[in-house]
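Participant: let's see this in three dimensions:
(chains A and B)
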Amino acid sequence: MKRDGAFSGWLALLAASATPADRWLLALSATAIVAGIWWPLHGVASHARVALNNQPVMRLPLHQDGEFPVQGRLGEVAVQVREGRVRLLEYASPRMIGTRTGWISRAGQVTACVPCGVMVQVEGGEQNRYDALAK
Amino acid sequence: MSRLILVLFLLLITGCGTPAPTSQHASRLLMGTLITITVWAEPGNKTAEAMRAAFAEMARIEALMSSHRGDSAVSVINQGPRGNWLPLNPEVAQVVEEGLRVQARSAGAFDPGLWPLSRLWGFSRDPPATTPPAAGEIAAWLQERRQGESITIRDTATGRQIRLPNAAAGLDLGGIAKGYAVDRALETLTQQGVANAIVNAGGNLGLIGSKGDQPWRLGIQNPRDENSVAAELSLRGPMALVTSGDYERFFIHEGQRYHHILDPQRGEPSAAGLMSVTILHPSTMTADALSTAVFVLGRAKGLALVEQEKAEALLVLTDGSPVATPGFPGTWLGP
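Facilitator: The predicted model follows:
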């Protein structure tokens, strides 16, 4: 067996010891490890948490498209889910900031109608380019 | 034996170690805006509890200092008789004093006593105003305001006291209290064992620590396109980044934009040639007040104030061009 470093030695020992079943098991474990590191950083956004007056009212999986009404302080607002993204549509808010924010899909992104008391925040998924925006 | 070695090897590399730190976010609607706290830490109950404590602290400050709540300490003062010395909560005193200090340094461009004028313009009303007040109303306010002295604070044996000179004066800490609340939230997080966090109160940012071995990556909103970023920068805490702009609260009436940053000398929205001002300073409270003061002062006097206060700034002029102090660390991305 070649002895040109500890790591090479371990690899050689594994290669010599492993049966075909062992090699499958090793490959599967390596794939699981890589996925476990990659997925939290680059995975599809998982859920949107909807709150009314800072109390959670629903948690929507973002892989299921749909429109979900919430009765806010100024009337109904619609929370729309489509293709892994979510947005909030107000109908009676004075500045329509939630509607103007548009679709969100990255971890931690939030859209809200402040006078309505309705807020939607994305959980999981790809990290946003910016940790915060000054505005 | 070789299979045993293989299994042991797999167990070693998959392991049961502690979860790696990640960015965790929580948001609340408080102080009339959206507050988001971001913490870089290992996920767990400790972080969640720290965030809850920070939000509770901000809610406590809102209850104490909001002019919109009839039972707040500030409203009790505003409802009191003018010309009389009134008891002043020590914490409110701290914020008012900083406001008066910036007022003096800015030759009145920032003013913590504009509550009657703010109510006249109605930007914080629910629903907010969509037309300007009558010119006569503004003129009457200006006349009465000029007749009064400034708001004064004194120390007595029984505590601190405040005097509002006349009906044209009333406490409105909207331009400084959010910054104070952000500073207090960061202190609360630190006391709870959090070392790396951003508290974002409607775009007023206070930050501590960093994101692991990387600085926090921050953007400054484009004043004319809320879906794009005009500048970006990387920062490590403790530091504050606060923006004031004419796009935050405004209405358009007969083709003219009326925004919420009022010029105390004119009684009207400031028209000093700026669309937004971003201040970099260790204190979020001071940065909050300075961003308003510089917006009202305009480019030349505003930059002079920034230098006196040992802050850094990025100004966006009404033609869309940027002006930054030499030490401002951001990168302009363009309109």
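
Participant: residues contacting the residue nearest to residue B:280 when sequence neighbours are not counted?
Facilitator: Leaving aside its sequence neighbours, residue B:280 sits nearest to residue B:312 (CB to CB, 6 or more residues apart in numbering or on different chains; 4.2 Å). All C-beta spots, glycine's among them, are computed from the backbone N, C-alpha and C. Contact analysis of residue B:312 by CB atoms under 8 Å, 6 or more residues apart in numbering or on different chains lists B:279-281, B:306, B:324-325, B:327-329.

Participant: ok, of those, which come out buried?
Facilitator: Among the contacts of residue B:312, those that count as buried by neighbour count (16 or more other CB atoms under 10 Å in any protein chain shown) are B:279-281, B:306, B:324, B:328.

Participant: got the residues you listed as TSV, with secondary structure and pLDDT columns?
Facilitator: Listed next are those as TSV, based on DSSP: H, G, I helix; E, B strand; the rest coil; pLDDT from 0 to 100:
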residue	secondary structure	pLDDT
B:279	strand	98
B:280	strand	98
B:281	strand	98
B:306	helix	98
B:324	strand	98
B:328	coil	98
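
Participant: in the residues you listed, find the pair that's most separated.
Facilitator: Farthest pair in the buried ones among the contacts of residue B:312 (CB to CB) is B:281 and B:324. Separation: 14.5 Å.

Participant: show me where chain A has its helices.
Facilitator: Here chain A has its helices, by DSSP state H, at A:6-17, A:20-42, A:97-101.

Participant: comparing these by mean pLDDT, which bottoms out?
Facilitator: Lowest mean pLDDT of those: helix A:20-42, a mean of 66.

Participant: tell me the one of the buried ones among the contacts of residue B:312 nearest residue A:105?
Facilitator: For the buried ones among the contacts of residue B:312, the nearest to residue A:105 is residue B:280 (30.0 Å; CB to CB).

Participant: so that closest one bridges to which residues?
Facilitator: For residue B:280, the beta-bridge partners are residue B:241, residue B:312 (DSSP bridges).

Participant: contacts for stretch A:101-111 next, please.
Facilitator: With CB under 8 Å, 6+ apart, stretch A:101-111 has contacts from A:45, A:62, A:82, A:84-88, A:98, A:112, A:119-128, B:23, B:25, B:27, B:34, B:36, B:38, B:226-227.

Participant: strands - which of the residues you listed land there?
Facilitator: Mapping the contacts of stretch A:101-111 onto strands (DSSP state E) picks out A:82, A:85-88, A:112, A:119-123, B:23, B:25, B:27, B:34, B:36, B:38, B:226-227.

Participant: generate a PyMOL selection restricted to the buried subset of those.
Facilitator: Buried residues within the ones in strands among the contacts of stretch A:101-111, by 16+ other CB under 10 Å, are selected in PyMOL with:
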select buried, (chain A and resi 85+86+87+88+112+119+120+121+122+123) or (chain B and resi 23+25+27+34+36+38)
